[in-house]
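# coords please:
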Amino acid sequence: MSVLTAEELNANLALRDLADPAQGPHAIQLVVDQIRTALGQAWPYTEIWTRRDHPVVTLADNYDNLGYAAGSVTREERYTRYASPTQVLRSHTSAMIPPALRELATSEASDVLMVCAGICYRRDSVDWQHTGTPHQLDLWRISRNVTLGEPELEAMIAKLVETVLPGQTYRTVPAVHPYTIHGRQIDVLLGDQWIEIGECGVAAPAVLRKAGLDESWSGLAMGPGLDRLLMLRKGIRDIRLLRSTDPRVAEQMLDLTPYKPVSAMPAVRRDLSVVVGPDVDISDEVLGDRVRQALGADAEAAESVEVRGETSYDDLPAAARERLQLEPGQRNVLVRLVLRPLDRTLTDAEANRLRDQVYSALHEGPVLELIGR
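Residues are numbered from 1 along each chain as shown. Purely as a prediction, here's the structure:
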């Protein structure tokens, strides 16, 4: 098992949690406040428990106690950041739910809305709406006075969209989660594209029972993405702007009024031709994570990364195989890297240096084609 070094762990923990008021104001917190207020008004007799736990959680609360199978692929170190063999940087705010359920099982409360917001850590693609450190919100209503099922779930979905994205067209599609039954994905229409804003379902009875809540309890579970909700609310088309230190941008991240674009820096495009082995995963999420690791402190300069083409050894012309010194089973992958820091314009030398860092991290062939030297 690969465990984060102390330096890597501290670097992750040093990243500001935009959902935490103690770390300074941010519009993400206003989204949480609006949702909490709206649901509190819709359910006036429901207690509201707001929870903010440390991002290092037990492996059990991140996975086992939420119903994830022991062999679930998401547990693998390529998807999960292990702080120790038994602890991880939470991959979702749902990791706060098992301890909250255990607390409920020993309390006198009988109808509770759990509000758990915070930063999470995961692999994800590099594009305008994804980041490896997203902010999420878990909303679980658990009751032994009211039977909570699909009709109540539908009302909760409608209240969420109506509150944060009034007037927006939305849909739900079936989705499977280990911690829900009758699971759904919530999408909102942006132009001609459906954008996922979260997932939800009826709380899985097995998860409630494992926490000590008997058959008299039922619940609803919802997990919207806070970054996505804020971006749709304000009309932001680059997730990196949420963390911008440019005063012209940062000042706009303190309210929910429509975003007014500031002058954008020019983008720099670099196309990379890399050699990878037959079993190398080049999915968007894995590729995005490897690029962020390669760029290190400059990771925010990457606006997008995408695979533009892939050719096997057998399909590559002989001259190209010879030039790349490709071996049977290897593949030639064309990757497009778009660099655009939010606060400055890259020089050609800087862009080439960053390109070479990514190239060196992805390329597995003996012939190096570096351009920054």
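# for residue 68, see how far away the residue nearest to the spatial centre of the chain is.
Nearest to the mean C-alpha position of the chain, by CA atoms, centre = their mean, lies residue 134 at 4.0 Å. Residue 134 sits 19 Å away from residue 68, going by CB to CB, to the nearest Å. Where C-beta positions appear, they are placed from N, C-alpha and C, glycine not excepted.
# again with residue 360
Counting by CB to CB, the gap from residue 360 to residue 68 is 35 Å.
# which of the two has more residues huddled nearby?
residue 68 (18 against 12; other CB atoms under 10 Å).
# and the more buried one, which helix or strand is it part of?
According to DSSP states H and E, residue 68 maps onto no helix or strand at all.
# and it, what pLDDT?
Model confidence at residue 68, given as pLDDT, is 94.
# residue 204 versus that one, what's the distance?
With distances taken as CB to CB, residue 68 is found 11 Å from residue 204.
# next: residue 129.
Residue 129 is 28 Å from residue 204, by CB to CB.
# domain map for the chain?
6-234, 268-362 (automatic domain parsing).
# closest to residue 256 out of those?
Nearest to residue 256, of all these, is domain 6-234, at 5.5 Å by CB to CB.
# and the strands in the stretch 251-373 of the chain?
All strands of the stretch 251-373 of the chain, identified by DSSP state E, counting those that start in this stretch, fall at 268-276, 302-312, 331-339.
# among those, single out whichever gets nearest to residue 16.
Using CB to CB, the strands of the stretch 251-373 of the chain put strand 302-312 closest to residue 16, at 19.2 Å.
# quick one on the thing from earlier: so what's the residue nearest to the centre of the chain up against?
119, 120, 122, 124, 225, 226, 227 (CB atoms under 8 Å, 6 or more residues apart in numbering).
# of these, keep whichever come out buried.
119, 120, 122, 124, 225, 226, 227 (16 or more other CB atoms under 10 Å).
# is it true that the last one touches residue 133?
No. Applying CB atoms under 8 Å as the test, residue 227 and residue 133 come out as separate, 9.4 Å apart.
# point out where this protein drops to low pLDDT.
By pLDDT under 70, the low-scoring segments of the chain are 373.
# now the helices for it?
6-14, 27-42, 59-62, 97-105, 150-164, 205-210, 226-234, 247-250, 284-295, 318-324, 348-362 (DSSP state H).
# got a markdown table for the ones you listed, with distance to residue 338 too?
Output for the helices of the chain, formatted as a markdown table (distance: least, CB to CB, whole Å):
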| stretch | distance to residue 338 |
| --- | --- |
| helix 6-14 | 24 |
| helix 27-42 | 25 |
| helix 59-62 | 33 |
| helix 97-105 | 37 |
| helix 150-164 | 29 |
| helix 205-210 | 41 |
| helix 226-234 | 19 |
| helix 247-250 | 19 |
| helix 284-295 | 11 |
| helix 318-324 | 24 |
| helix 348-362 | 10 |
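# pick the most deeply packed of those helices.
helix 226-234 (a mean of 23; mean count of other CB atoms under 10 Å).
# tell me the angle of it relative to helix 150-164?
60 degrees (axes from the mean of the first three to the mean of the last three CA atoms, to 10 degrees).
# got the angle between helix 226-234 and helix 27-42?
Using the same axes, to 10 degrees: helix 226-234 against helix 27-42 is 90 degrees.
# remind me what helix 226-234 packs against, helices and strands.
Judged by 3 or more CB pairs under 8 Å, 6 or more residues apart in numbering; DSSP states H and E, helix 226-234 is in contact with helix 27-42, strand 135-143, helix 150-164, strand 193-203.
# and residue 255, which of the ones you listed is closest to it?
Smallest distance to residue 255 across these (CB to CB): 6.0 Å, for helix 27-42.
# and that closest one, what does it pack onto?
Going by 3+ CB pairs under 8 Å, 6+ apart, helix 27-42 lies up against strand 47-51, strand 111-119, strand 135-143, helix 150-164, helix 226-234.
# let's see that with 10 Å instead.
For helix 27-42, the packing partners by 3 or more CB pairs under 10 Å, 6 or more residues apart in numbering; DSSP states H and E come out as strand 47-51, strand 111-119, strand 135-143, helix 150-164, strand 218-224, helix 226-234.
# still on that earlier bit, can you lay out the contacts of residue 134 as CSV showing distance to residue 14?
CSV is the format used below for the contacts of residue 134 (distance: CB to CB, whole Å):
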residue, distance to residue 14
119, 11
120, 16
122, 18
124, 20
225, 22
226, 20
227, 19
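# which among these gets closest to residue 212?
Using CB to CB, the contacts of residue 134 come closest to residue 212 at residue 120, 25.7 Å.
# hmm, back to that, report the set of residues contacting both of residue 68 and residue 204.
177, 178, 179 (CB atoms under 10 Å, 6 or more residues apart in numbering).
# just the buried ones from the residues you listed?
Looks like those have 177, 178, 179 buried, using 16+ other CB under 10 Å.
# neighbours of the residue lying closest to the second one once chain neighbours are set aside, how many?
Closest residue in space to residue 178, ignoring its immediate chain neighbours: residue 67 at 3.6 Å, by CB to CB, 6 or more residues apart in numbering. The tally of other residues near residue 67 (other CB under 10 Å) stands at 15.
# please report the distance of residue 368 from residue 273.
In terms of CB to CB, residue 368 sits 11 Å off from residue 273.
# the two: which is more packed in?
residue 273 (18 against 10).
# what sits against the more buried one?
Here residue 273 is in contact with 308-309, 311, 320, 323-324, 332-335, 359, 363, 365, 369 (CB under 10 Å, 6+ apart).
# with residue 316 instead?
Per CB under 10 Å, 6+ apart, neighbours of residue 316: 322, 323, 324, 326, 330, 331, 332.
# wait, the fourth one touches residue 278, no?
Just to be clear, that refers to residue 326. No. Between residue 326 and residue 278 there is no contact under CB atoms under 10 Å: 11.4 Å.
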